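Q: pasting the structure only:
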């Protein structure tokens with residue numbers, strides 16, 4: 001059932017990518033150049049950059065505009081983003097958004113390259129379909145100036161580096177991803193479980209060396225205290241926000257089902273600790289499903305690609321605080337799943353498990369839009385107008401994507417056997 005790479009003209013793919021780029025640039029950076037945008041997360045990055053440039057790096061993890069406005073990334077990223085403090089706010093918003101759109105286009109381009117390197121045919125409209133599938137989180141990402149597209153691209157960079165036999169480039173990409181957002185550690189855990197000691201060692205070395213060096217460069221007298229501040233900032237932004245309405249994590253989904261949160265969708269009324277325990281058990285089972293059966297010898301490259309895509313989905317779902325924009329990191333696993341689904345539509349129709357997953361993806365993506373709910377006359381649930389957040393549509397979309405990838409990987413394994 002696996003579509004092999006064929007030598008076909010790619011003019012339609014290039015044309016669709018060009019149109020996609022023009023639309024995104026006009027909708028976001030060009031529009032922002034003509035208006036006064038408010039990019040909430042970018043304001044935090046700029047405030048941190050100003051602290052670094054003013055020699056106040058010791059206060060890197062102190063609250064900024066409010067008690068909840070915290071810098072939650074490693075000291076390394078504070079250095080990398082320090083130049084933002086030199087750019088006027090309006091120009092910075094335009095440049096940042098233009099960079100985000102560029103990273104989006106780069107992600108889908110590298111996805112196509114990686115798929116073809118593994119012998120998979122990529123239908124020409126795969127990039128467009130991927131953006132349409134994730135248009136709601138991508139819109140939130142670009143309107144708030146967040147970093148999830150970059151996060152997903154760095155994890156993709158690890159896989160691409162491994163495929164190109166560039167081990168240190170791969171390790172650097174994953175170390176940067178972990179430094180940006182810690183849930184990327186799930187990829188590191190996968191390397192340990194699969195006994196890929198050399199890859200894991202390179203990642204660990206770069207992760208420690210780069211962040212220690214960054215902390216020392218920012219606060220030479222107390223580098224470890226700065227790293228401790230990073231840990232405190234992460235802890236402060238986790239438990240208190242785990243069950244907020246905007247949180248779309250696997251933990252929040254379990255909370256909607258198992259906590260008496262007032263929305264009436266719970267089947268049990270467990271305490272928060274029990275909900276967290278159930279979530280850890282579920283996440284562990286999902287991780288085990290990716291890692292099993294145990295690897296023996298050199299992993300199959302295509303199997304590694306699908307494993308990496310599954311890990312990216314679990315990385316997002318497993319984030320303790322996972323907002324709408326966080327799902328932008330699913331660009332490349334969605335690309336892989338859609339490339340396989342659309343390249344063999346007849347095979348999909350013959351396999352109910354794949355057809356079910358594809359239908360769920362389309363339905364849940366549609367249900368992330370407010371206009372759909374207004375069409376059905378559902379304007380609010382218990383006073384909350386973001387209906388799709390109450391119904392946890394995005395976690396269900398993520399689980400549907402994981403299902404598609406898992407079924408495709410299982411079929412690949414069976415075909416290889």
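A: Thanks, I have it. Since the structure is predicted, the reported quantities are computational estimates derived from the model, not experimental observations.
Q: Tell me where the model's unsure across the stretch 151-300 of the chain.
A: Low-confidence segments of the stretch 151-300 of the chain (pLDDT under 70): 238-239, 293-299.
Q: Which helix or strand lies directly C-terminal to the longest helix along the chain?
A: Ranked by residue count, the top helix of the chain under DSSP state H comes out as helix 89-117. Later in the chain than helix 89-117, the nearest helix or strand by DSSP states H and E is helix 126-133.
Q: Residues touching that following helix, excluding its own?
A: Contacting residues not belonging to helix 126-133 are listed as 13, 16-17, 19-20, 24, 104, 108-109, 111-112, 138, 331, 334-335, 338-339, 342, 361-362, 365 [CB atoms under 8 Å, 6 or more residues apart in numbering]. Yep, even glycine has a C-beta here, placed from its N, CA and C like the rest.
Q: One more pass at 7 Å, please.
A: Here helix 126-133 makes contact (CB atoms under 7 Å, 6 or more residues apart in numbering) with 16-17, 20, 108, 138, 331, 334-335, 338-339, 342, 361, 365.
Q: circling back: now do the buried residues in the longest helix of the chain.
A: Buried residues in helix 89-117, defined by neighbour count with 16 or more other CB atoms under 10 Å: 92-98, 100-101, 103-105, 107-108, 110-112, 114-115.
Q: In space, what's closest to residue 222 - neighbours in sequence excluded?
A: Excluding its sequence neighbours, the residue lying closest to residue 222 (CB to CB, 6 or more residues apart in numbering) is residue 58, at 7.1 Å.
Q: Pull up the per-residue confidence for that neighbour.
A: Per-residue confidence at residue 58 stands at 90 (pLDDT).
Q: likewise residue 320?
A: Model confidence at residue 320 (pLDDT) stands at 86.
Q: now swap in residue 62 and tell me
A: pLDDT, residue 62: 88.
Q: give me every residue that touches residue 232.
A: residue 61.
Q: circling back: by pLDDT, give me the weakest of the contacts of helix 126-133.
A: residue 342 (84).
Q: what's around residue 198, how many residues?
A: Neighbour count for residue 198, taken as other CB atoms under 10 Å: 11.
Q: Residue 55 too?
A: 9.
Q: Against residue 82, how distant is it?
A: 11 Å (CB to CB, to the nearest Å).
Q: so residue 304 is in which element?
A: Residue 304 is part of helix 301-317, with elements assigned from DSSP H and E.
Q: tell me the angle the helix or strand following that helix makes with helix 126-133.
A: Per DSSP H and E, the first helix or strand lying C-terminal to helix 301-317 is helix 331-343. Helix 331-343 and helix 126-133 are oriented at 120 degrees to each other (axes from the mean of the first three to the mean of the last three CA atoms, to 10 degrees).
Q: Quick one: distance of helix 331-343 to the chain centre.
A: 15 Å (CA atoms, centre = their mean, to the nearest Å).
Q: do the same with stretch 120-136
A: On CA atoms, centre = their mean, the centre of stretch 120-136 falls 16 Å from that of its chain.
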